[in-house]
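**Q** Pasting the sequence and the predicted model now:
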Amino acid sequence: MTSQVRGAQLARLLGQWHALPGRRRSPDYAALAAAVRGLLADGRLPLGVRLPAERELAEALRISRTTVTAAYRQLRETGHLASRRGAGSWTMLPGTHRVASTGLWTPLDDRDMIDLGVAALAAPPQLVPAARAAAEDLPRYLGGAGYHPTGIIELREAVARSYTARGLPTSAEQIMVTSGTQHALDLVLRLALAPGGSVLVESPTYPNALAALSARRARITTHGLAVDGPGWDADLLLGSIRQVRPKLAYLIPDFQNPTGHLMSAELRERVVAAAHSAGTDLVVDESFVDLPLDGTELPPPAATFDRHSRVISIGGMSKPYWGGLRIGWVRASAPQVQRLAAARVGVDMASPVLDQLVAVHLLADAPTIVAARRAQLAAQRDALLDALAQRLPDWRVTAPHGGVTLWAELDGPISSALARAAEEVGVRLAPGPRFGLDGTLERFLRLPFTLPAADLVEAVGRLAAVRYDLDRAGRPQWREATVIA
Ligand SMILES: Cc1ncc(COP(=O)(O)O)c(C=O)c1O
């Protein structure tokens, strides 16, 4: 993590900080302080970094130093900044905040907040019965030490069967159970990527994957996805793999987060072939593979086209079942699984046996649970699309045929300003720039349809009101984002 942010960097992150709603009524220093709080809230400004000196930031923003001094004072008063004379000022959060699963900051006391920052469903009703049944099974394991670095055999077999059912013959030796898909990604990166190694990712992509990559100090190249159409541009993607020859490519071909795109079978086959010739390992994140909607047929898993152990698939229980289970997995060659298990012992030894047993019971009931999830998601997606069409008709959205999110193209590069304003009316958003690398994607917003329809409709109503206020705040000269992915 960077320990210091320079004036020019903070100015770029702040973007249109003066375009907050109600700006005519609030002084510049208050708007600047609110914008810094917004960056902290959406995770783009890390905690514990040193902010630029007042004079440096004033120069970068072309405003007076007294404005910055007053903004920093307000941030200190609200508990967002700690200063030591002569040493500088560091970002922090007031005591009432905690970290949410997405890395977003969530106030503990705000139960009325509609949280569109998190794209995950509440647990299905089958979870409690599955947990009870798992507790009944537990005695079978209590005679041993309970450490299973690759996972308990029952779960590995169940996961292997689900791959085989998708047309990819898989044995339990090829499966390693992890504590969630994110953990799976982190372990794979530890094994397959030396610090500073080169990686290709989609843009936009899953923010926590970017976080895992930056922890490895990866050098990242992006492949920009189109909003509509097939998403991936085959020539550009294959061209990047051939030219850049990254050590690793991280792709989400099944209902990509955040765009919802589904990669065709033909492109999967060509990507695997290109990766093989370039010496690139492919990490394929299948988090949403169980959630096609509208009867959409799934192409074969990318690993079906793999003849050289180039493809490592990762997936987990969080999206179809429940994130709180913290169960995920890796599918790789048996020797790779052994190497991953050896790497894992230095991290967390093994996943909890009880949770793995709960997963076994849920997977045994998969057809019923997953069918209900799909029906629920399709209805919620349609409610969200209807509300958007009615209340925010200038936003461009394409209905995704699977997954849990849609990627809206807004009517201006206003995503962060909108997220800050929405927070004030009880709606938490993950603005577009969180899904990219360099503060771009301001024209986009990810909207999950994982909350009940009534909440989604209410949230869109509040967003429409806030969007109107942003206009009235009167900053017509939006700065164009430099890259629109
Ligand atoms: C693409 C993708 N990968 C990984 C994860 C993390 O999943 P888990 O909760 O299994 O760690 C998510 C969760 O949103 C995701 O969308």
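**A** Done, it's in. Numbers count the residues shown, from 1 in each chain.
**Q** Which residues of this structure lie near the ligand?
**A** Of all the residues in the chain, those in contact range of the ligand (CB under 6 Å from any ligand atom) are 119, 180-182, 206, 252, 257, 285, 287, 316, 318, 323, 328. The C-beta positions use only the backbone N, C-alpha and C, and glycine is treated the same way.
**Q** okay, which residue is most central for the chain?
**A** The C-alpha lying nearest the average C-alpha coordinate of the chain belongs to Y206 (CA atoms, centre = their mean; 3.5 Å).
**Q** check contacts around it.
**A** I252, N257, P258, D285, F435 (CB atoms under 8 Å, 6 or more residues apart in numbering).
**Q** In this structure the first one contacts L282, no?
**A** Pointing back at I252 there. No: in this structure I252 lies outside contact range of L282 using CB atoms under 8 Å: 11.5 Å.
**Q** if you look at the contacts of Y206, which of them are in strands?
**A** Helix and strand membership here follows DSSP state E; of the contacts of Y206, those in strands are D285.
**Q** neighbour-wise, which of the contacts of Y206 leads?
**A** Among these, P258 has the most neighbours (other CB atoms under 10 Å), with 30 neighbours.
**Q** excluding its backbone neighbours, what's nearest that residue?
**A** Closest residue to P258 in three dimensions, ignoring its sequence neighbours and counting by CB to CB, 6 or more residues apart in numbering: R446, at 3.8 Å.
**Q** before we move on, what about L75?
**A** For L75, ignoring the flanking residues on the chain, the nearest one in space by CB to CB, 6+ apart is L81 at 3.9 Å.
**Q** so that neighbour makes contact with G88?
**A** No: here L81 does not reach G88: they are 10.1 Å apart, not a contact under CB under 8 Å.
**Q** Find residues that contact each of these two.
**A** Common contacts of L81 and G88, defined by CB under 8 Å, 6+ apart, comprise L51.
**Q** which one of the two has more residues nearby?
**A** For the pair L81 and G88, the greater number of neighbours falls to L81 (21 against 13), based on other CB under 10 Å.
**Q** Tell me who's in contact with the more buried one.
**A** Applying CB under 8 Å, 6+ apart, one finds that L81 lies in contact with L51, Y72, L75, S89, W90, T91, M92.
**Q** Could you identify the most distant pair in the residues you listed?
**A** Greatest spacing in the contacts of L81, by CB to CB: Y72 and M92 (12.7 Å).
**Q** okay, those two: which has more neighbours?
**A** Of the pair Y72 and M92, Y72 is the one with more neighbours under other CB under 10 Å, namely 22 against 17.
**Q** Kindly provide the distance from that one to the ligand.
**A** In this structure, Y72 and the ligand are 35 Å apart, going by CB to the nearest ligand atom, to the nearest Å.
**Q** Assumed that residue was part of a strand.
**A** No: judged by DSSP: H, G, I helix; E, B strand; the rest coil, Y72 forms no part of a strand; its state is helix.
**Q** That one touches E54, doesn't it?
**A** Yes: with contacts counted by CB under 8 Å, Y72 reaches E54, the gap being 6.4 Å.
**Q** what's near enough to touch the closest residue to T78 other than its chain neighbours?
**A** Closest residue to T78 in three dimensions, ignoring its sequence neighbours and counting by CB to CB, 6+ apart: P94, at 6.5 Å. If a contact means CB under 8 Å, 6+ apart, then P94 has T78, G79, H80 as its contacts.
**Q** Which strand or helix spans the residue nearest to P258?
**A** Under the criterion DSSP states H and E, the helix or strand holding R446 is strand 444-448.
**Q** That strand packs against which elements?
**A** The elements that strand 444-448 packs onto, with contact taken as 3 or more CB pairs under 8 Å, 6 or more residues apart in numbering; DSSP states H and E, are strand 405-409, helix 415-424, strand 430-431.
**Q** Neighbouring strands - and their directions - for that strand?
**A** Each strand paired with strand 444-448, and its direction, by DSSP bridges: strand 405-409 (antiparallel), strand 430-431 (antiparallel).
**Q** what about the last one, average pLDDT?
**A** By that I understand strand 430-431. The average pLDDT for strand 430-431 rounds to 92.
**Q** If anything else comes up later, I'll come back, but that's it for now.
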